[in-house]
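Trainee: generate coordinates for the sequence data below:
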Amino acid sequence: MSYVTSTASLVCPFGTAPSRVIVASQQKYLIEGKPVATVMDAVPMTNIPPFAMCMTMSNPAVAAATAAKLGVFTPAPCVPVTASWIPGQKASRTIQGKPCLTNECQCTCAWGGVITITNPGQVKVN
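Mentor: Residues are numbered from 1 along each chain as shown. Alright, predicted model coming up:
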């Protein structure tokens, strides 16, 4: 298990590019000089930036763009719609009462994508 830091890489199966976690829940506690993410870092656009373009018809913007092109599939800019991180292995540490985010956690987008952490940002594992 690794803790997620501000340099963690994220991927959505419906996005066309990876993204990175932005830690906003706290800036005091660091691993390898980088702020540690907590489960509170799940706010779309604030903590989870876009994944370039969205490629699922369950996203109304993609459906509208495709309809406008007379049925020719047309991706639309990604705007994640997330609620919370789903815990993987329970973090043994908390920061200000908030569980730390670990590399096993996932976050579901309202359009159906399951956002996963591909690189937690923590290089050394204790």
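Trainee: can you check the pLDDT for the residue most central in space within the chain?
Mentor: Centroid-nearest residue in the chain: I48, 4.6 Å away (criterion: C-alpha atoms, centre = their mean). I48 carries a pLDDT score of 97 in this model.
Trainee: quick one: contacts for it?
Mentor: Going by C-beta atoms under 8 Å, 6 or more residues apart in numbering, I48 touches L10, S19, V21, I22, D41, A42, P80, T82, C107, I115. Where C-beta positions appear, they are placed from N, C-alpha and C, glycine not excepted.
Trainee: and if you look at G15?
Mentor: Taking C-beta under 8 Å, 6+ apart, one finds P50, F51, A52, M53, C54, M55, C78, G113 in contact with G15.
Trainee: show me what contacts the residue nearest to the first one when sequence neighbours are not counted?
Mentor: Leaving out its chain neighbours, the residue that sits closest to P50 by C-beta to C-beta, 6 or more residues apart in numbering is C78, at 3.9 Å. In this structure, C78 makes contact with C12, F14, G15, T16, P50, F51, A52, M53, C54, judged by C-beta under 8 Å, 6+ apart.
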